[in-house]
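S.K.: how does the following fold in three dimensions:
(one chain, ligands or ions: 1)
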Amino acid sequence: MLTGRSPSTSSDDRARPDVAVVGAGPIGLAVAWRCAARGLRVVVHDPASGSGASAVAAGMLSPVAEAYFGERQLTALLLASAALWPTFAAELTEATGAELGYRTDGTLMVGLTGDDLAEARRLWAYQQELGLPVTPLRPTELRDHEPALAPRVRGGALAPTDHQVDPRLLVPALRTAARRAGAVLVPQPVRHLSEVDARVTVVAAGCGAAALTGLPVRPVKGQILRLRAPGGVAPGFRHVIRGYADGEPVYLVPRADGEVVLGATVEERSDTTVTAGAVQRLLRAGVDLLPELAEYDLVEAVAGLRPGTPDNAPILGPLPGRPDVLAATGHHRHGIVLTPVTADLIAGLVTTGVPDPLLAPFRPDRFDSDAPASVGAAGSGAPAGADRPDSTMEEDRWS
Ligand code: GLY
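M.R.: Take a look at the predicted model:
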């Protein structure tokens, strides 16, 4: 247990950090901020803070629209973290003065064709079974919410409690907050955990966690576009819009400054090449749902690597046999929404030594063949997707 300044007396111990965080993306920085705010000496190692998945992330805080079949415990964690977001954002703005692009307009989920709508309705029914706030809308209601939607869009539903934040504003704000709380950022890579000297090491290195820890974190490529409304005006829609367009999953995230994030592919690849086919598919799907996008400037096409795990859930807690090394990685498609809860759970574990019960399904040892079957993120020990109603795979989901 680490509580505030170390009572150690030797000069070596006084110089030694209480916590070393490997990785200065949103997760690592938020962990560092929360630990430093508890009075711990914190060092964060990263040669290129914010250059990982968060640099391309859309910033949807969508525990409702992203509640997928077979992921109940992950959904519970997403909901817990989304509930922390308003206070987390307010504290971050108070600590730094930074605007985060935090918006509370909700997610509009839509289907372009009859088939798209049928697929969407199965998911909405599941989300409603979980008790989540999903309100199916009649076509006129849908257009009342977003008049810019294409007349062809067959139907939709509103998830009013989903929010969004701009990750490109969030990460610098977290860096400032962590520094102001006393954390020291060291712009050096860590290639082996033996290079780190601290009482506790937190590995928040995204895809890099695999090489450092041996945990099953793999890159999952996402290609994503940024468009901009002409004339410096806000986009002609205010909700996050996500849906299928002729079977193509797509999301559109409007920002107040005119930017629209249009994403994203989900590919089992580790390169960051942008391909013509992906750009074409994303643009077609986006323009089919919102025709005005055809008039927008295309300002960026990039690819990033999400840190995926075998069950799509993050890996949080001590490495097997290494109580001094805590994993905070594998957040896959949910790194931004899971930032506050991860920071609080890991900082709590660092300071008390007692794992919060929320951590139990996400322990690093759940992938060991001799680990208890009940700790899987699906809650049953079954492979991810085993309780889905059909063979729906990651690539087919609502992105
Ligand atoms: N969370 C959005 C994505 O992974 O594309």
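S.K.: find the helix or strand that the residue of the stretch 101-250 of the chain found nearest the ligand is a member of.
M.R.: Closest to the ligand within the stretch 101-250 of the chain is Gly222: 4.9 Å, counting by Cβ to the nearest ligand atom. C-betas here are computed from N, CA, C, even on glycine. Secondary structure assignment for Gly222, by DSSP states H and E: strand 218-228.
S.K.: host element of Ala327?
M.R.: strand 322-329.
S.K.: coming back round to it: now for the strand holding Gly222, which elements pack on it?
M.R.: The contact analysis (3 or more Cβ pairs under 8 Å, 6 or more residues apart in numbering; DSSP states H and E) places strand 218-228 against strand 259-263, helix 276-289, strand 297-308.
S.K.: the very next helix or strand once past that strand to helix 276-289, inter-axis angle?
M.R.: Downstream of strand 218-228, the first helix or strand assigned by DSSP H and E is strand 240-245. For strand 240-245 against helix 276-289, the angle by axes from the mean of the first three to the mean of the last three Cα atoms, to 10 degrees is 110 degrees.
S.K.: partner strands of strand 240-245, parallel or antiparallel?
M.R.: Applying DSSP bridges, strand 240-245 is found paired with strand 107-111 (parallel), strand 248-254 (antiparallel).
S.K.: touching the ligand at all, it?
M.R.: No. Using Cβ under 6 Å from any ligand atom, we find that strand 240-245 stays clear of the ligand, coming within 9.3 Å at best.
S.K.: what angle separates that strand from strand 259-263?
M.R.: Going by the same axes, to 10 degrees, strand 240-245 makes 40 degrees with strand 259-263.
S.K.: which residues touch strand 240-245?
M.R.: 60, 62, 65, 105-113, 116, 119-120, 146, 149, 153, 156, 162, 164, 249-254, 284-286, 288-290, 398-399 (Cβ atoms under 8 Å, 6 or more residues apart in numbering).
S.K.: which of those residues are buried? Put it as a ChimeraX command.
M.R.: To isolate the buried members of the contacts of strand 240-245 in ChimeraX, using 16 or more other Cβ atoms under 10 Å:
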select :60,62,65,106,107,108,109,110,111,112,113,116,119,120,146,149,153,156,162,164,249,250,251,252,253,254,285,286,288,289,290,398,399
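S.K.: returning to that earlier point: of all the strands paired with strand 240-245, which one comes closest to Pro136?
M.R.: strand 107-111 (9.3 Å; Cβ to Cβ).
S.K.: after the closest one, which helix or strand is next?
M.R.: helix 114-129.
S.K.: that following helix packs against which elements?
M.R.: strand 107-111, strand 155-159, strand 240-245.
S.K.: avg pLDDT for that helix?
M.R.: Averaged across helix 114-129, pLDDT comes to 97.
S.K.: now the residue of the stretch 101-250 of the chain closest to the ligand, nearest residue through space, not along the chain?
M.R.: Of all residues beyond its chain neighbours, the one nearest Gly222 is Ala264 (4.2 Å), with distances taken as Cβ to Cβ, 6 or more residues apart in numbering.
S.K.: surely Pro361 meets Ile315?
M.R.: No. Between Pro361 and Ile315 there is no contact under Cβ atoms under 8 Å: 10.7 Å.
S.K.: of the two, who's got more company?
M.R.: For the pair Pro361 and Ile315, the greater number of neighbours falls to Ile315 (28 against 22), based on other Cβ atoms under 10 Å.
S.K.: name the nearest residue to that one, sequence neighbours excluded.
M.R.: Ile315's closest residue in space is Gly330 (Cβ to Cβ, 6+ apart), at 4.1 Å.
S.K.: next up, the contacts around the one you found.
M.R.: Ala209, Leu215, Val217, Pro307, Gly308, Thr309, Ala313, Pro314, Ile315.
S.K.: any idea how far it lies from the ligand?
M.R.: 13 Å (Cβ to the nearest ligand atom, to the nearest Å).
S.K.: please report phi then psi for that residue.
M.R.: Gly330 adopts backbone torsions of phi 70, psi 30, taken as degrees, to the nearest 10.
S.K.: wouldn't Gly111 be in contact with Val153 here?
M.R.: Yes. The criterion here is Cβ under 8 Å, and Gly111 meets it with Val153 at 7.2 Å.
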